[in-house]
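got a predicted structure here, sequence first:
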Amino acid sequence: MQEEQRLFVGGAWVPPSSDRTIEVISPHTEQAIARVAAPAPADVDRAVAAARTAFDEGPWPRLPPAERVAAVRRLADLYDPRREDLARLITAEMGAPLTFARSAHAALPGVMMRAFADIAADLAWEDSRPGFYGTDIIVQRSPVGVVAAIIPWNMPTLLTVMKLVPALLAGCTVVLKPAAETPLDAQLMAGLIEQAELPPGVVSVLPGDAEIGAHLVAHPGIDKVSFTGSTAVGAKVAAACGAALKRVGLELGGKSAAIVLDDADPAAVATGIKVAGLMNSGQACVAQTRILVPRSRYDEHLDALAAMVESLALGDPADPGTEIGPLVSRRQQQRVQGYIELAEQEGARTLTGGSGPPMDRGWYVRPTLFADVDSSMRIAQEEIFGPVLTAIPYTDDDNAVRIADDTRYGLSGSVWTPDLERGLAIARRVRSGTLGINQPYSMDPAAPFGGVKHSGIGRELGREGIEGFLETKSISTSG
């Protein structure tokens, strides 16, 4: 069993302040595979104090931006040789199928690091403009301060990079709180950060539970909280930040729709939904689990979708042939099973899958497709976070847009059609932060990512991802 009895605080591995531990359980075997030190509130205080000193007195915020860019490039170079190790850790700790862990969990973070470095290298950290009253205005961009970055378990390393790297490039210092379910990849990343030789205090990594997250959010030494997680917890984070007038960025839940137009090919759509709706075994905030199908071609698309879902390989996530692995925890398995049973009670028609555990052990759920779903049903309104798809019929384009927007969320989505102009026209009407045409949203590092309505506040990725960690100061000049 893997063990680590130290915490990464202020850039160094130190003994914890208590004997708390996190036991990591394999979602496949339900057996313990690792035990690591867990932080106590006193460790959070240490980390924030180190970050505060590093920001207020240290060199990091005062370096030329080019030197911070170079440091991030060093981190990317250190990261690349560890990609396979990282993929296997994520598969072990949260059950992501190994092939997906390699192609997404492990491959994308290195791409993101280099993309952010390129964007920061071209960013205008200071510019000038003519003032309305005849004086010149200088606009300076400076780091927001000490950042608390709270990471969920579903895409842990990718989401770490999406917060940590732009904050570092902006000149902030960072206390990372990965989820208690996924401490192993976080410790690997901490080791790489140590090797990158950032100044003392710039980064701490404290995997922990909700108590540690709440203590970090409320800490008076934090200037901004960047949170990814559920909408319910995000509302509590926003309330705490509002009370303290802290900056906050929230990337929250989703219930995204794939709008299938009446000229789309059923086989191509089903292949696309395999990724768009079921990536990471359905444990993705951007998952497009509401499939809006034209009533005129409903049966054709249902047949193709059902064939796709039935063909999915379910099993040991360490097997490269596995497409659907276990869910992260027993609690998550029970939650998703509860929604499947609810859908059956609500009158949805089960085309494939359904309730009941598919394996003798492990936190598995049958990949499930429901037909004849009404938009008012709970399975069409609430985020399930598992391998469950709902097919909803619509009558015309206007009806499809109305159904797509009939949710409190607005994170992702797609439109499927060979007619690009028609697809763009539909996409422009949907109220969502991101959309793809004939593809799932691709997490392009150049594209700002985030949601509207209850899906969040602010944007990550792109230039906007760095700007979210910057404050602007205007200086008027004359003479």
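Sure thing, it's come through.

quick one, domains of the protein?
Per automatic domain parsing, the structural domains of the chain span 2-252+454-477, 257-445.

okay, those in a markdown table with mean pLDDT next?
Formatted as a markdown table, the domains of the chain follow (pLDDT from 0 to 100):
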| stretch | mean pLDDT |
| --- | --- |
| domain 2-252+454-477 | 97 |
| domain 257-445 | 97 |
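
tabulate those (CSV), appending mean neighbour count.
Glycine gets a C-beta too; all of them are placed from N, C-alpha and C. Below are those laid out as CSV (neighbours: other C-beta atoms under 10 Å):
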stretch, mean neighbour count
domain 2-252+454-477, 20
domain 257-445, 20
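
which residues touch the helix or strand that contains residue 176?
Using DSSP states H and E, residue 176 sits within strand 173-177. For strand 173-177, the external contacting residues (C-beta atoms under 8 Å, 6 or more residues apart in numbering) are 44, 47-48, 51-52, 54-55, 58, 60-61, 145-151, 160, 163-164, 167-168, 186, 201-208, 212-213, 216, 222.

just give me the residue right at the centre of this protein.
Residue closest to the mean C-alpha point of the chain, counted by C-alpha atoms, centre = their mean, is residue 159 at 5.0 Å.

wouldn't that residue be in contact with residue 151 here?
Yes. Counting by C-beta atoms under 8 Å, residue 159 touches residue 151, with 5.0 Å between them.

give me the common contacts of the two.
Overlap of the contact sets of residue 159 and residue 151 (by C-beta under 8 Å, 6+ apart) consists of residue 228.

ok, now which ones touch residue 139?
Residues counted as contacts of residue 139 (C-beta under 8 Å, 6+ apart) are 126, 127, 128, 129, 472, 473, 474, 475.

list the contacts for the fifth one?
To tie it back to what came earlier, the one meant is residue 472. By C-beta under 8 Å, 6+ apart, the neighbours of residue 472 are 139, 140, 141.

which SS state does it fall under?
strand (DSSP: H, G, I helix; E, B strand; the rest coil).

and it, how far from residue 170?
Residue 472 sits 12 Å away from residue 170, taking C-beta to C-beta, to the nearest Å as the criterion.

circling back: of the contacts of residue 139, which is the nearest to residue 3?
Residue 3 lies nearest to residue 472 out of those, by C-beta to C-beta, at 46.2 Å.

bridged to the closest one, which residues?
residue 141 (DSSP bridges).

who touches the following helix or strand past the strand holding residue 176?
Heading C-terminal from strand 173-177, the first helix or strand you meet, by DSSP H and E, is helix 183-195. The list of residues contacting helix 183-195 from outside it, by C-beta under 8 Å, 6+ apart, reads 2, 4, 8, 11-13, 22, 24, 34, 36, 75, 78-79, 82, 85-86, 89-90, 92-93, 151, 156-157, 160, 176, 178, 203, 205, 207.

restricted to helices, list the residues you listed.
When DSSP state H is applied, these are split such that 75, 78, 79, 85, 86, 89, 90, 92, 93, 156, 157, 160 fall in helices.

for the nearest residue to the fifth one once chain neighbours are set aside, what are phi and psi?
Beyond its immediate neighbours in the sequence, the residue positioned closest to residue 86 (C-beta to C-beta, 6 or more residues apart in numbering) is residue 106, lying 4.7 Å away. As for residue 106, its main-chain torsions (degrees, to the nearest 10) stand at phi -100, psi -30.

likewise for residue 249?
Here is the backbone geometry of residue 249 (degrees, to the nearest 10): phi -130, psi 130.

nearest residue to it in space, ignoring adjacent ones along the chain?
residue 458 is the one closest to residue 249 (C-beta to C-beta, 6+ apart), at 3.7 Å.

so that neighbour sits against residue 449, correct?
No. Look at residue 458 against residue 449 with C-beta under 8 Å: they stay out of range, at 9.9 Å.

chain center to stretch 312-330: distance?
20 Å (C-alpha atoms, centre = their mean, to the nearest Å).

ends of that stretch, how far apart?
One end of stretch 312-330 sits 22 Å from the other (C-alpha to C-alpha, to the nearest Å).

residues contacting that stretch, please?
25, 27-28, 30, 88, 91-92, 94-101, 153-154, 181, 274, 278, 281-283, 333, 336, 358-359, 362-367, 386-387.

ok, which stretches of the stretch 1-150 of the chain are strands?
Ranges of strands within the stretch 1-150 of the chain are 2-4, 7-9, 12-14, 21-25, 32-37, 126-130, 136-143, 146-150, based on DSSP state E, counting those that start in this stretch.

of all the ones you listed, which one is nearest residue 372?
Of all these, strand 21-25 sits nearest to residue 372, with 37.4 Å by C-beta to C-beta.

so that closest one versus helix 83-94, what angle?
Inter-element angle recorded for strand 21-25 and helix 83-94: 90 degrees (by axes from the mean of the first three to the mean of the last three C-alpha atoms, to 10 degrees).

so what strands line up beside strand 21-25?
Strand 21-25 pairs in its sheet with strand 32-37 (antiparallel), by DSSP bridges.

how big is the angle separating the strand it pairs with from helix 183-195?
Computed with the same axes, to 10 degrees, the direction of strand 32-37 lies at 50 degrees from that of helix 183-195.

chain center to strand 32-37: distance?
How far strand 32-37 lies from its chain's middle: 24 Å, per C-alpha atoms, centre = their mean.

which residues touch that strand?
1-7, 16, 20-26, 92-93, 183-184, 187, 207.

dump the strands of the stretch 1-150 of the chain to a markdown table, plus distance to residue 421.
Formatted as a markdown table, the strands of the stretch 1-150 of the chain follow (distance: least, C-beta to C-beta, whole Å):
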| stretch | distance to residue 421 |
| --- | --- |
| strand 2-4 | 53 |
| strand 7-9 | 51 |
| strand 12-14 | 56 |
| strand 21-25 | 50 |
| strand 32-37 | 51 |
| strand 126-130 | 36 |
| strand 136-143 | 38 |
| strand 146-150 | 40 |
